[in-house]
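> got a predicted model here, sequence first, then my questions.
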Amino acid sequence: MDNVISIKNINKVYGNEIKTHVLHDINLDFAKGSFSSIIGQSGSGKSTLLNIMGTLDSPSSGDIIINGKSTKNMSKNTLAELRNDTIGFIFQFHHLLPEFTALENILMPYYIKNHKKSKEISERAEELLNLVGLWNVKNNKPMNMSGGQQQRTSIARALINNPSIILADEPTGNLDSETTENIYELMRSINENFKTTFVVITHDNRIAQKTDRIIQIGDGKVLSDTLK
């Protein structure tokens, strides 16, 4: 099975005079269509790793290979284009723009690269609204949506450019148990139906146990890597 992300000898060090070594020689591969979780205590380095995987941060050494392309020597503009075309992000705190509706928020990643809304993208946005169960609140702004609806909006936003990879950082961290289960089922459905690769950081062991692979990070190192 082809790998969509390969992490090669990744190290991350913060600081010049006083150095903090956050990640130590991380090597991981993620196959196309896989559904993996990364677990670890606060400060273990898992969010730093996810940010580097998503090219939001750069490693001190090593390489991230995305869909067969090394990102090591890419310019910021090329990285931004690759990121927008290939990776969708789901965050714990949604990061929805409060002045825009659910539909407008979903379309934001598309507007980064395109100035006009095409018929095709309008149809895709409508399909995503139906997929995540938000058709009846598509014109609501975030303040008029529940926490679960806001997270569903962020999932649809992550999918608008049809990415091959979704990186999710504590996507159910602020949700109650029932909504957490619904969000997990939605992500799993997307994974199975579209073969989208998911990498999910979570503190919720119930969610981790439902994924196909559990990677445990501690002190910036891979402590275990279990394929179920």
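Yes, it's here.
> for the residue nearest the centre of the chain, give the beta-bridge partners.
The C-alpha lying nearest the average C-alpha coordinate of the chain belongs to Leu167 (C-alpha atoms, centre = their mean; 1.7 Å). Per DSSP bridges, the residues bridged to Leu167 are Phe89, Val199.
> does the closest residue to Lys19 other than its chain neighbours count as helix, strand or coil?
Leaving aside its sequence neighbours, Lys19 sits nearest to Val13 (C-beta to C-beta, 6 or more residues apart in numbering; 5.2 Å). Glycine gets a C-beta too; all of them are placed from N, C-alpha and C. Under the three-state scheme (DSSP: H, G, I helix; E, B strand; the rest coil), Val13 adopts strand.
> next up, the contacts around Val13.
For Val13, the contacting residues are Lys19, Thr20, His21, Val22, Ser60, by C-beta atoms under 8 Å, 6 or more residues apart in numbering.
> can I get these in a markdown table with secondary structure, pLDDT and neighbour count?
Output for the contacts of Val13, formatted as a markdown table (DSSP: H, G, I helix; E, B strand; the rest coil; pLDDT from 0 to 100; neighbours: other C-beta atoms under 10 Å):
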| residue | secondary structure | pLDDT | neighbour count |
| --- | --- | --- | --- |
| Lys19 | coil | 83 | 10 |
| Thr20 | strand | 86 | 9 |
| His21 | strand | 90 | 14 |
| Val22 | strand | 91 | 21 |
| Ser60 | coil | 93 | 14 |
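> quick check: the farthest pair among these?
Greatest spacing in the contacts of Val13, by C-beta to C-beta: Thr20 and Ser60 (10.8 Å).
> Asp225 and Ile217, how far apart?
Distance check for Asp225 against Ile217: by C-beta to C-beta, to the nearest Å, it reads 10 Å.
> of these two, which one has the most company?
The residue with more neighbours, out of Asp225 and Ile217, is Ile217; 24 against 14, by other C-beta atoms under 10 Å.
> not counting its neighbours along the chain, what's nearest the more buried one?
Sequence neighbours aside, Gly40 is the residue nearest to Ile217 in space, at 3.8 Å (criterion: C-beta to C-beta, 6+ apart).
> hmm, the one you found is touching Lys221, no?
No - Gly40 lies out of contact with Lys221 (C-beta atoms under 8 Å); the separation is 9.8 Å.
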